[in-house]
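Visitor: structure for this input, please:
(chains A and B)
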Amino acid sequence: MHVPDGLLPNIVCLSGYGLMGGLTWYSLRQIQRDKNSTENIPKASLLTAAFFVASLIHIPIPPTSVHLVLCGLMGAILGYYSFPAILIGLFFQAIMFQHGGLSTLGINSLIFGLPAIASHHFFTLGKPLTGENPVGRKILAFITGFSGTALAALLFSAIVAFNIPADLDSPVEQAAILAFLISHLFLAAIEGAFMVMVISFLERVKPELLHGNG
Amino acid sequence: MKYWLFLLTIAVSGSALPAFSHGTDLKYRPVEAMQIQANYDSGEPLKNARVTVYSPQDSETPWLTGNTDENGYFLFVPDRSLVGNWDIKVRQSGHGKITTIPISDRTELVNTPQQWSSQGVYSPLQKAVMAIMGVWGFIGTALYFSGKKRTKTNART
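Guide: Sure thing, here's the model as predicted:
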């Protein structure tokens, strides 16, 4: 789900960098207001490592294979730390594995970072509604994990669909994008289930990890 | 007699003019072609992906367009008079890559048919080592800040 170098017009790449700068500034401001920033940085660093290697784990979903994204999980656990964490993870993925690209780093950070921030707000708003009900918590975790990945796939598809070059056969490309979206709905379900397992485990073992993010 | 001679002349001259014939002439010769193989990171081929070839003279207007086959292969014959870097863009539903093929007038393609050249493609072992190094970097950062937190707590007590 990473946009590689050379597939998007320069103006889109530059706009991506502009928006990425604004969101990074806003996220860092939120982190600065956090009283436990020193305590939360190790957590952010470990989840960045998970995000960094997740793109190397391929799950075969015909006609192609997909990889874990972890936007929902990053957002729910890290809050506003998730945006710089994703940005750093994407940077290393681009320079080490050519997964994505440096010219599209801004766009890719928006594709993954915006759903992560949306997941953070969704999870934070949903927690008081579910209360201590374990089933409610599991449903909330599933929806957060599912919607994070689905939103990232939607953003990716929209950016690609609006930037189909003139020399490309549009209907064929649109059909390929639709197939991509369908395969990523399955991935979203897998990420939802994964999120349920992680959140249930953390609530039992170390519930403080799910509270007090920027 | 004159009538038959006239008909014979028409028949003989007509056979020399392609415009009057319905036959097809097929010729062949060996040429030096460039084969592209497009795969996803997982190793699966990029089937029916759009390939756009740009010549060294014009990086804006496609020199050739086509699609990869079922195995992710695409074959084209570059114009050897256009010496320089040829850009090949392979794309499908937002995935793809651009690669550059340097072609000089002395580039020998036929003698090295089995060798694949690529940019930035690592073996699974290399990838695994790089991933471990990256993860260790992040763990190191986490440990550094955890240590800092502990130092602060100890200083307070």
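
Visitor: gap between stretch B:33-52 and the chain center?
Guide: 7 Å (Cα atoms, centre = their mean, to the nearest Å).

Visitor: give me the buried positions along it.
Guide: For stretch B:33-52, the neighbour count (16 or more other Cβ atoms under 10 Å in any protein chain shown) marks B:34, B:36, B:38-39, B:41, B:45-47, B:49-52 as buried. All C-beta atoms are positioned from the backbone trio N, CA, C, and that covers glycine.

Visitor: pLDDT wise, what is the residue lying farthest from the centre of chain A at?
Guide: What lies farthest from the middle of chain A is A:Asp167; by Cα atoms, centre = their mean that is 31.1 Å. pLDDT recorded at A:Asp167 is 71.

Visitor: residue ranges of the strands in chain A, please?
Guide: Ranges of strands in chain A, per DSSP state E, are A:58-61, A:64-67.

Visitor: comparing those, which stretch has the densest surroundings?
Guide: Mean neighbour count (mean count of other Cβ atoms under 10 Å in any protein chain shown) peaks for strand A:64-67 among the strands of chain A, with a mean of 19.

Visitor: then that one to PDB, C-alphas only?
Guide: Below are the C-alpha coordinates for strand A:64-67, written out as PDB (Å, rounded to 0.1, in the frame of the first residue of the first chain):
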ATOM      1  CA  THR A  64      -2.200 -10.800  -5.000                       C
ATOM      2  CA  SER A  65      -0.600 -10.700  -1.600                       C
ATOM      3  CA  VAL A  66      -1.000  -8.000   1.100                       C
ATOM      4  CA  HIS A  67       1.000  -7.000   4.100                       C
END
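
Visitor: quick one: distance of the one helix or strand B:Lys127 maps to to the chain centre.
Guide: Using DSSP states H and E, B:Lys127 maps to helix B:124-156. Here helix B:124-156 is found 40 Å from its chain centre; the criterion is Cα atoms, centre = their mean.

Visitor: residue 131: neighbour count?
Guide: All of this is about chain A. Residues near A:Gly131, counting by other Cβ atoms under 10 Å in any protein chain shown, number 9.

Visitor: ah, no, chain B please
Guide: 19.

Visitor: what of B:Ile132?
Guide: With other Cβ under 10 Å as criterion, B:Ile132 counts 11.

Visitor: got it, and the one 3 residues further on?
Guide: A count of nearby residues for B:Val135, using other Cβ under 10 Å, gives 16.

Visitor: repeat for the one 10 residues further on
Guide: By the measure other Cβ under 10 Å, the count of residues near B:Phe145 is 19.

Visitor: that one - nearest residue in space that isn't next to it in sequence?
Guide: Spatial nearest neighbour of B:Phe145, chain neighbours left out: A:Ile41 (4.3 Å); criterion: Cβ to Cβ, 6 or more residues apart in numbering or on different chains.

Visitor: who's in contact with A:Leu154?
Guide: When contacts are counted by Cβ atoms under 8 Å, 6 or more residues apart in numbering or on different chains, A:Leu154 touches A:Leu181.

Visitor: give me the distance between it and chain B.
Guide: For A:Leu154, the distance to chain B (Cβ to the nearest Cβ, to the nearest Å) stands at 12 Å.

Visitor: then A:Val205?
Guide: A:Val205 sits at a distance of 17 Å from chain B (criterion: Cβ to the nearest Cβ).

Visitor: A:Ile199 now?
Guide: According to Cβ to the nearest Cβ, A:Ile199 and chain B sit 20 Å apart.

Visitor: residues touching the residue most central in space within chain A, list them.
Guide: Chain A has A:Cys71 as the residue nearest its centroid, 2.6 Å off, counting by Cα atoms, centre = their mean. By Cβ under 8 Å, 6+ apart, the contact list for A:Cys71 reads A:82, A:86, A:112, A:115-116, A:119, A:148-149, A:151-152.

Visitor: SS state for B:Lys47?
Guide: coil (DSSP: H, G, I helix; E, B strand; the rest coil).

Visitor: doesn't B:Tyr73 make contact with it?
Guide: No - with contact defined as Cβ atoms under 8 Å, B:Lys47 does not count as touching B:Tyr73 (10.0 Å).

Visitor: separation between A:Ser27 and A:Leu114?
Guide: Using Cβ to Cβ, to the nearest Å, A:Ser27 is found at 11 Å from A:Leu114.

Visitor: do B:Tyr73 as well
Guide: Counting by Cβ to Cβ - B:Tyr73 and A:Leu114 are separated by 37 Å.

Visitor: which residue of the two possesses the greater neighbour count?
Guide: Between B:Tyr73 and A:Leu114, counted using other Cβ under 10 Å, the more crowded position is A:Leu114 (20 against 13).

Visitor: just give the closest residue to the more buried one, not the sequence neighbours.
Guide: A:Leu155 is the one closest to A:Leu114 (Cβ to Cβ, 6+ apart), at 6.6 Å.

Visitor: who's in contact with the one you found?
Guide: Residues near A:Leu155 by Cβ under 8 Å, 6+ apart: A:110-111, A:114-115.

Visitor: how deep is residue 88 tucked in, by neighbour count?
Guide: I went with chain A, as the question did not name one. 18.

Visitor: sorry, I should have been clearer: chain B.
Guide: By the criterion of other Cβ under 10 Å, B:Ile88 has 21 neighbours.

Visitor: confidence score at it?
Guide: Value for B:Ile88, per-residue pLDDT: 90.

Visitor: beta partners for it?
Guide: B:Val53, B:Thr99 (DSSP bridges).

Visitor: thinking again about what came up before, let's see which of the contacts of A:Cys71 end up in helices.
Guide: Secondary structure from DSSP state H places A:82, A:86, A:112, A:115-116, A:119, A:148-149, A:151-152 of the contacts of A:Cys71 in helices.
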